[in-house]
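Colleague: quick one, structure for this:
(2 chains, ligands or ions: 1)
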Amino acid sequence: MTALDTGSPATAADRLAAFAGALDDCHERAVPGGVVVSPAGWAVASVRRLGDGAPVPDGSGVLAARHGPRASDAAALGTFREALLELHRRTLRGVLDAAVARLDRRESEGVPLLGRQLVRGSVADVALALSQARDVLRLPRPTAGRHHRVHRELVDAGRTALKLYGAFGFTAEGPGGLLHLTELLGDTYLYPEGPEDPEAEAGHE
Amino acid sequence: MSELLPERAVLLRDHVREAAAGLRDAGMEIDRDPTAVDRWLHLPAVALMRGCTVPVEYVSSPLRIGPYTYDMSSCLEHTLTIEELSYGDAGFMLACPGPLMSGVAVGALGDDKQRHAYYQRLAGPEPTWTFFGLTEPGKGSAAAELETALTPDGDGFRLDGAKRYVGNAAFAQLGVVFCRRAPGPLGIEAVLVDTETPGFRAEPIPTVGMRGARISAITLDNVRVEREQILGYDTLKPSRRGLVGAIRTLQRFRPVLAGTALGLTRAVLDHVRAERPALAGAARQCLDDLQDRLDAARWHNYAIASAIDAGEVRADRIAAVKTRAAELAERATLAAAGLLGPGALLRDPWLHKVYRDARAFEFMEGTGHIQRLAVFQGVAKGTFLP
Ligand SMILES: Cc1cc2nc3c(=O)[nH]c(=O)nc-3n(C[C@H](O)[C@H](O)[C@H](O)COP(=O)(O)OP(=O)(O)OC[C@H]3O[C@@H](n4cnc5c(N)ncnc54)[C@H](O)[C@@H]3O)c2cc1C
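Modeller: Numbers count the residues shown, from 1 in each chain, chains lettered A, B, ... in the order given. Next up, the predicted model:
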């Protein structure tokens, strides 16, 4: 049984608080004592770290955001992006493991849902995306464009993983809120281009 | 697309479109506080939802447009209405009082007396919220294995068990509960339950999005049920009631749900165009691709709803259009966040809301896996791909 399971003692609030702490660690790695500001001028961190920020809408109470003009330098952004993707990957891994445990206990026609081939296929798809993301992130000469592509891949895999939970993945108590924060952070920090240049990317396909 | 629709449907669509304008503020408020619908009950959209599928003879001032009178008992007209209201705001639409799915179940299974009592209540002066209780905590997709028990008790029955993720249940006055009177698929019954009956309890379940659906967890503890509350008990054979009714309701409602997803998708694409009128290159292609998929899915959905009206229920195609519509809504919201540029989810609260809302369609009325199984059946039988 893992931290995201229904039977687990950790509540969704605990998990969200832990995520906010892990996000602050990413900031700390890039800008000790400070927060990283995205090229479009956004900073998102825990409510504690970003005391003067506004609560992130549906950041489930743990994240704050601030908009200001000065973006962090390229080195800080690069370090932060890598750390953020690693956090996204770790979070999704936890969500996948807990989904597998949960599906092993939910039954239909006397057999665990984990035995259904469609379910197995989805589990495998998420695992494949996770392992590919790790490999891509290990390549030399990381670029912002590559980071964005990995993010999009992880978002898609996350959506697949959440579907494995049925409606539980859509409740505040389930893992959906956590993955939503990873998506929101990627949307804020992982774009390779400037704020007024959405043409450069064909959206999220 | 209008040329594919009969004149009366086009008139209805245009009328509802007008009623749907301005629902977004209400929708945003409901996202923050799901009980907020109570403050918006004066809106024409609410009147439409209250009247949907209630026969005209029960309604004091039925919807009339030009030469036509509407009660949305036609699947096509129901679908169009819900699609247009969802273009306004899907969460708001789902939070409204009215028959929604329970009305389809009562219409399909109830005897004359049951229908009469139900429609009279729904058409009464006070707004009435309803629910359709099928899913259980331990069994979601495996609906045929539901465990809520209907046990004989004197001259009636009692109901014990639990339901989960049931839209509006914590706010409703009455609803349909699916339960088991005997083992096996034929042992399932659909029972009309008044939520004031002792032993009925329902609590809202907070969600990541689509908060207007106000999904709830129900506990049924020794709830008294009279024979006449069992839908079709005196008029239908066991093989035509219960689970068959649930399936029939879901099939009749799936194009309506697909309409909800497609209405939301259309709203998202229009929003992107309004915010970024000069999109070009790959971004424009992405938008055009989504628009093509939307137009095709809408056309397909209308065709399926019209076929249902003509008595032709094709489970595989209904499953396909529901799946595609749900996927498209999710894909369009993800794309919109990309097309609107970095930080869009923080800058644009409406986008952030529909981005979260769109995930609901995957689960409502059966997950993508379950729909795929139905599509596969159609492929195997040679009915899906003509
Ligand atoms: C917004 C919203 C509104 C809802 N409204 C209502 C309502 O009004 N009334 C109501 O009764 N319910 C309602 N539901 C519940 C919905 O119908 C269920 O969530 C859905 O049927 C899935 O059930 P589950 O959540 O228990 O998931 P599970 O059945 O536990 O599924 C878990 C995973 O296993 C997969 N799976 C399950 N069985 C199989 C199989 N045989 N083969 C392959 N894969 C399988 C699923 O696809 C999913 O990925 C609502 C849900 C939402 C999110």
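Colleague: can you give me the helices in chain A?
Modeller: In chain A, the segments counted as helices under DSSP state H are A:12-30, A:74-105, A:117-138, A:144-163, A:176-189.
Colleague: now the longest one: buried residues?
Modeller: Read it as helix A:74-105. Buried positions in helix A:74-105, judged by neighbour count with 16 or more other CB atoms under 10 Å in any protein chain shown: A:76-89, A:91-103. C-beta here means a position set from N, CA and C on the backbone, and glycine is covered the same way.
Colleague: that older thread, got JSON lines for the helices of chain A, with mean pLDDT and distance to B:Val37 too?
Modeller: JSON lines is the format used below for those (pLDDT from 0 to 100; distance: least, CB to CB, whole Å):
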{"stretch": "helix A:12-30", "mean pLDDT": "96", "distance to B:Val37": "25"}
{"stretch": "helix A:74-105", "mean pLDDT": "97", "distance to B:Val37": "32"}
{"stretch": "helix A:117-138", "mean pLDDT": "98", "distance to B:Val37": "35"}
{"stretch": "helix A:144-163", "mean pLDDT": "97", "distance to B:Val37": "27"}
{"stretch": "helix A:176-189", "mean pLDDT": "96", "distance to B:Val37": "23"}
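Colleague: ok, which of these comes nearest B:Gly382?
Modeller: With CB to CB as the criterion, B:Gly382 lies closest to helix A:117-138 of the helices of chain A, at 21.5 Å.
Colleague: so which residue is dead centre in chain B?
Modeller: Nearest to the mean C-alpha position of chain B, by CA atoms, centre = their mean, lies B:Leu257 at 4.9 Å.
Colleague: nearest residue to that one in space, ignoring adjacent ones along the chain?
Modeller: Here the nearest residue to B:Leu257 in space, its sequence neighbours aside, is B:Glu365; by CB to CB, 6 or more residues apart in numbering or on different chains that works out to 5.2 Å.
Colleague: any idea of the mean pLDDT for stretch B:134-141?
Modeller: Across stretch B:134-141, pLDDT averages out at 96.
Colleague: need the contact list for residue 82.
Modeller: All of this is about chain A. Shown in contact with A:Glu82 (CB atoms under 8 Å, 6 or more residues apart in numbering or on different chains): A:Leu137, A:Pro142, A:His147.
Colleague: switch to chain B, that's the one I care about
Modeller: Residues near B:Ile82 by CB under 8 Å, 6+ apart: B:Cys52, B:Met93, B:Val256, B:Leu257, B:Gly259, B:Thr260, B:Gly263.
Colleague: what does A:Ala22 give?
Modeller: Contact partners of A:Ala22, counting by CB under 8 Å, 6+ apart, are A:Leu87, A:Arg90.
Colleague: not counting sequence-adjacent ones, nearest residue to A:Leu164?
Modeller: A:Ala99 (4.2 Å).
Colleague: which residues touch stretch B:144-160?
Modeller: Applying CB under 8 Å, 6+ apart, the contact partners of stretch B:144-160 are A:108-109, B:134, B:136, B:138-139, B:161-163, B:177-181, B:185, B:188-189, B:191, B:193, B:199, B:220-227, B:230, B:243.
Colleague: what residue lies at the spatial centre of chain A?
Modeller: Chain A has A:Thr182 as the residue nearest its centroid, 2.5 Å off, counting by CA atoms, centre = their mean.
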